[in-house]
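Colleague: need a structure here:
(one chain, ligands or ions: 2)
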Amino acid sequence: MKLNDFKDEVYKCSGCGLCQSVCPVYKVLKKECAVSRGKFKLLNAIINKDIKFSKKTLEIMELCLHCQACTEFCPSGIDAQKILETTQNELLNCGIFNFSKFFAIQILTNKFYMKMLKLFLNILRKSKILEIASMFGCKKSQLLKELLKVKIKPIEVHSNIKKDIKALYFKGCINNYVNPSCENGVKKVLDNTSVEIIEADFSCCGLPLKSSGDFESFKNIAKINIDLVPDDIDYLLFDCASCKCTFLNYAEFLEDDYKEKALKIAQKCISIYELLEKIDYKPKSSWKTNNITIHFPCHIRGMKEKEIIENLISKIPKTNYLKSEEADSCCGAAGSFILTNSEISKEISKNKAQNIINSKAEIVLTTCPSCILGLKQGLIEKKSKVKTMQLIEFLAE
Ligand code: SF4
Ligand code: SF4
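Modeller: Numbers count the residues shown, from 1 in each chain. Ligands and ions are numbered 1, 2, ... in the order given. Purely as a prediction, here's the structure:
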């Protein structure tokens, strides 16, 4: 699709400004170019050939977390994410792109480089470098040290329960390469159930490529992943809300046989929390501190999954669920946004952290590994002692 194909969609913006009231970037920047309405005004001018694509257009398009809050609240029903991604695709095709971001994304979506990164992070985890740097007040080292802490160890005992549900496990990149706690948690929780976990050497889901408009690379990675999904599985299981959402988008970008297979796979995509609900999992918890709150990732916006998560939490014994304000607003990490717009990202994370602190919870749970980064960033900035973890880690304890 081309930007011109969205001509009518962009014209639909009535200028009501509702997007302004929910946009986390606008709340920090207070500039019209941060929000959909401002971006659509600019795109209108480009469609009408009043102005041309430029580096500035790219900078404005990149001022977005792809959190979809504006899409959810837009009374005209405009899908801002699709329009912004298509614009970035056209900019890329015109040779206008952010070189360092493009380079970083190519590395992050390449299996070989990520395996190298995993080795490097393991060395870093065992060394004292991050601890020493944190002692001298380096917040980035503190953030990385926190991120690398393995909370859930691999399970050693396997149960004898009959396994009649076959689930192919797609691990998110952070879980796969940065911290195995979530993967260990998934395996530990499912060990005593009828679910058999099958593994494959998947690539990244491709979300960073899609969000930055590199549709060709996104299609290639989607095809590689689709080829790894056999027909005889019951489910394609996800431990990350963003990866599942991306797989659901595959069919839209593909054609012929791949499109057909992507549509079939989409029917089998399930998050670990949806699966736990299906098998009527009874959670236990050995936590002494059970005052918890939840941060809902942007990629479950408008989905039933939010209810499923709250329902699961309500079944955890002795757990006190304290709701925080704006629990579904973006954590500020948003993939490469934390790198390309680090100061804005920090301010958004701080706003998020303040809402968590106000809830009086001692632990904040989420269901997306990238959100852990944004949550930790904000809580470190606020010097808060609130713990962050993924819900599956909490259940596995
Ligand atoms: S909410 Fe929708 S219609 Fe209203 S200003 Fe924003 S983009 Fe335009
Ligand atoms: S997707 Fe989120 S960050 Fe981007 S314009 Fe909409 S509300 Fe703002």
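
Colleague: pLDDT of stretch 130-145, averaged?
Modeller: The average pLDDT within stretch 130-145 is 81.

Colleague: Can you tell me what sits against that stretch?
Modeller: Outside stretch 130-145, the residues that touch it by CB atoms under 8 Å, 6 or more residues apart in numbering are 124, 129, 148, 373, 376-377, 380-381. Glycine gets a C-beta too; all of them are placed from N, C-alpha and C.

Colleague: By neighbour count, sort out the buried ones in these.
Modeller: The neighbour-count test (16 or more other CB atoms under 10 Å) marks 148, 373, 376-377, 380-381 as buried among the contacts of stretch 130-145.

Colleague: Of the contacts of stretch 130-145, which belong to strands?
Modeller: Using DSSP state E, no member of the contacts of stretch 130-145 sits in strands.

Colleague: what are the ranges of the strands in this protein?
Modeller: Remark: strands assigned in the chain by DSSP E are 165-170, 195-199, 235-238, 269-271, 291-294, 320-321, 363-366, 387-390.

Colleague: From the contacts of stretch 130-145, which one has the minimum pLDDT?
Modeller: residue 129 (84).

Colleague: That one: what's it in contact with?
Modeller: Here residue 129 is in contact with residue 141 (CB under 8 Å, 6+ apart).

Colleague: interface residues of the protein facing ligand 1?
Modeller: With CB under 6 Å from any ligand atom as the criterion, the chain meets ligand 1 at residues 13-19, 36-37, 40, 70, 74-76, 78.

Colleague: Who wins on neighbours among the residues you listed?
Modeller: residue 36 (28 neighbours; other CB atoms under 10 Å).

Colleague: In the stretch 201-350 of the chain, what residue spans correspond to helices?
Modeller: For the stretch 201-350 of the chain, the helices defined by DSSP state H, counting those that start in this stretch occupy 207-211, 215-227, 241-253, 256-268, 272-278, 305-314, 337-340, 342-358.

Colleague: what about these, which gets the closest to residue 396?
Modeller: helix 272-278 (10.6 Å; CB to CB).

Colleague: And the average pLDDT for that closest one is what?
Modeller: Averaged over helix 272-278, pLDDT sits at 97.

Colleague: In TSV, list the strands of the chain along with distance to residue 311 and mean neighbour count.
Modeller: Below are the strands of the chain laid out as TSV (distance: least, CB to CB, whole Å; neighbours: other CB atoms under 10 Å):
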stretch	distance to residue 311	mean neighbour count
strand 165-170	20	20
strand 195-199	19	16
strand 235-238	18	24
strand 269-271	13	21
strand 291-294	12	22
strand 320-321	11	14
strand 363-366	14	24
strand 387-390	17	24
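
Colleague: who wins for proximity to residue 82 among the ones you listed?
Modeller: strand 269-271 (19.8 Å).

Colleague: pLDDT weak spots in the stretch 51-200 of the chain?
Modeller: Residue ranges of the stretch 51-200 of the chain with pLDDT under 70: 157.

Colleague: Disregarding flanking residues, what is the spatial nearest neighbour of residue 111?
Modeller: residue 203 (5.5 Å; CB to CB, 6 or more residues apart in numbering).

Colleague: is it true that the one you found touches residue 221?
Modeller: Yes: Residue 203 is in contact with residue 221 according to CB atoms under 8 Å; the separation is 5.3 Å.

Colleague: and residue 137, how many residues sit next to it?
Modeller: 8.

Colleague: Now do the domain split for the chain, please.
Modeller: In terms of domains, the chain is parsed into 3-97, 282-396 (source: automatic domain parsing).

Colleague: Point out the most buried one among those.
Modeller: Greatest average neighbour count among the domains of the chain goes to domain 282-396 (a mean of 20), per mean count of other CB atoms under 10 Å.

Colleague: which residues sit in contact with the most centrally placed residue in the chain?
Modeller: Geometric centre of the chain, nearest residue: residue 242, 4.0 Å, by CA atoms, centre = their mean. Contacts were defined as CB under 8 Å, 6+ apart; by that measure residue 242 touches 172, 205, 207, 297, 299, 368, 370.

Colleague: Among the residues you listed, pick out the one closest to residue 45, please.
Modeller: Using CB to CB, the contacts of residue 242 come closest to residue 45 at residue 207, 29.4 Å.

Colleague: can you tell me how far that closest one sits from residue 343?
Modeller: In this structure, residue 207 and residue 343 are 23 Å apart, going by CB to CB, to the nearest Å.

Colleague: before we move on, back to that, nearest to residue 1, out of the residues of the chain next to ligand 1: which one, please.
Modeller: Using CB to CB, those come closest to residue 1 at residue 78, 14.7 Å.

Colleague: Can you give me every residue that contacts the closest one?
Modeller: By CB under 8 Å, 6+ apart, the contact list for residue 78 reads 9-10, 12-13, 36, 40, 71.

Colleague: Using CSV, lay out those residues together with distance to ligand 2.
Modeller: Compiled in CSV, the contacts of residue 78 are given as follows (distance: CB to the nearest ligand atom, whole Å):
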residue, distance to ligand 2
9, 14
10, 14
12, 15
13, 12
36, 5
40, 10
71, 7
